[in-house]
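K.L.:
The sequence and its predicted three-dimensional model are supplied below.
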Amino acid sequence: AGKQDVFVVTPGQPALSGVEGAAIALTDFTVDPHLLQSDIGQLAWMSNDEILFGKDGQLWSVSVTTRQPRRYEGLSDAASFSLSPDRRQIAFLRQGQIWIGSLAAKTQRKLTNIAAPLGASVPMFSSDGRWLAFTAAHNSLETEDLPWNGNLVRSVASATADRRLGIIAAQGGDIAWVPTIGNVSGVQWTAHGSIVYQEQSPDGKTREIKTAAVGALPKVLWRDYDEKWWSPTNRDSRLVVSPDGKMLTFVSDRTGWIHVYVIPTDATSESQARQLTAGDFGAGLPTWSPDGSRIAYHHSVKNNQME
């Protein structure tokens, strides 16, 4: 992705350049001379002054005040991570397993023992910090058959199998596996202590939005079916839980056009959903305002879903 660095901006406040809201570089990493890259991974505010971020498989931090990036000692390999809501704990991946650590004490312990070849994804803390939700899968590279190229050219593609969805207590214990049959994405926690996620069937024709609590079977909030395939892209089809965790916004192409909907995260019937946009255009990327009173989204031109 070329040269990437961490920047900070303060809306409404002049920056050093004298331009209101101008970005200030907090890092200036050297580009790899062979790959011509200096990629930044995940970002998270550790405090009002310090930012954690991943780079080259390592966990770094940088202060907005000093602007001197450094590797985070004691948790240096925790580059794929998430922080608890109180910013005291960090959950991260190490060799396909989930670990959890204390940012202050810099202690750490292994949380999962998932049997190979499965590997976990970066987990997400519940709002009270007691639980973590994550997906797991068998990811591999498979050689594609290209008989017309002879033996001189080989092509490989990423393959994912045995997808799973799990919940585990931050204190440790057994994983509660949630039954799934398709591709799971958009996993988030609600205000009711349950997770919400979407599952797309292996044939690509069905998308279901579901909720699941620890120890309970999933419930379907919304179901889309298309006899050819469900059309919204991964970019547009994301789920976003409201700041208070009580509402969910999502997109559906049920009307023939992709539009924005909302539904309570504890809904008992699909009829409780409301369509917010309508017309001969496409809408997507819904995002809640901080107080949960508004939703921003993108809007295509009329009669063209792609522009």
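P.N.:
Done, it's in. The shown structure was predicted, so the numbers you read here are calculated from the model rather than taken from an experiment.
K.L.:
Three-state assignment for the spatially most central residue of the chain, please.
P.N.:
By C-alpha atoms, centre = their mean, the chain has its centre lying nearest to Gly186, at 6.4 Å. Here Gly186 is recorded as strand under DSSP: H, G, I helix; E, B strand; the rest coil.
K.L.:
ok, and the closest non-adjacent residue to it?
P.N.:
Leu239 (3.8 Å; C-beta to C-beta, 6 or more residues apart in numbering). For the C-beta atoms, the positions are set from N, CA and C on the backbone; glycine is no exception.
K.L.:
so that neighbour touches Val184, yeah?
P.N.:
No: Leu239 is beyond contact range of Val184, at 11.2 Å (criterion: C-beta atoms under 8 Å).
K.L.:
any common contacting residues for those two?
P.N.:
Overlap of the contact sets of Leu239 and Val184 (by C-beta atoms under 8 Å, 6 or more residues apart in numbering) consists of 197-198.
K.L.:
what's the neighbour count on the closest residue to Ser80 other than its chain neighbours?
P.N.:
Once flanking residues are discounted, Ser80 sits nearest to Leu93: 4.3 Å by C-beta to C-beta, 6+ apart. Neighbour count of Leu93, defined by other C-beta atoms under 10 Å: 21.
K.L.:
The strand or helix carrying Leu93: what's the following helix or strand?
P.N.:
According to DSSP states H and E, Leu93 maps onto strand 89-94. Counting by DSSP H and E, the next helix or strand C-terminal to strand 89-94 is strand 97-102.
K.L.:
Okay, now the unreliable bits of this protein?
P.N.:
Along the chain, the model assigns pLDDT under 70 to residues 1, 13-21, 149, 306-307.
K.L.:
tally of neighbours for the nearest residue to Leu103 once chain neighbours are set aside?
P.N.:
In this structure, Leu103 finds its nearest non-sequential neighbour in Ile90, 5.6 Å apart by C-beta to C-beta, 6+ apart. Ile90: 24 surrounding residues under other C-beta under 10 Å.
K.L.:
Tell me the spacing between Ile90 and Gln108.
P.N.:
8 Å (C-beta to C-beta, to the nearest Å).
K.L.:
what residues are shared contacts of those two?
P.N.:
Residues touching both Ile90 and Gln108 (C-beta under 8 Å, 6+ apart): 75, 78, 100-102.
K.L.:
tell me which element the spatially closest residue to Gly41 that is not a sequence neighbour is part of?
P.N.:
Excluding the flanking residues, the one nearest Gly41 by C-beta to C-beta, 6+ apart is Gly54, at 3.1 Å. Element membership for Gly54 (DSSP H and E) is strand 50-55.
K.L.:
Pull the distance from the helix or strand that comes right after that strand to the chain's centre.
P.N.:
Using DSSP H and E, the helix or strand that follows strand 50-55 in sequence is strand 58-63. How far strand 58-63 lies from its chain's middle: 20 Å, per C-alpha atoms, centre = their mean, to the nearest Å.
K.L.:
Buried residues, strand 58-63. List them.
P.N.:
For strand 58-63, the neighbour count (16 or more other C-beta atoms under 10 Å) marks 59-62 as buried.
K.L.:
Pipe the residues you listed into CSV and attach distance to Thr10 per row.
P.N.:
Shown next, in CSV, are the buried residues of strand 58-63 (distance: C-beta to C-beta, whole Å):
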residue, distance to Thr10
Leu59, 25
Trp60, 22
Ser61, 19
Val62, 16
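K.L.:
Surely the residue nearest to Leu103 and Leu83 touch.
P.N.:
Yes: between Ile90 and Leu83 there is a contact under C-beta under 8 Å: 5.7 Å.
K.L.:
and for the two, which residues touch both?
P.N.:
52, 103.
K.L.:
who does the residue nearest to Ser80 bridge with?
P.N.:
For Leu93, the beta-bridge partners are Ile98 (DSSP bridges).
K.L.:
What distance do you get for it to Gly166?
P.N.:
Relative to Gly166, Leu93 is positioned 14 Å away (C-beta to C-beta).
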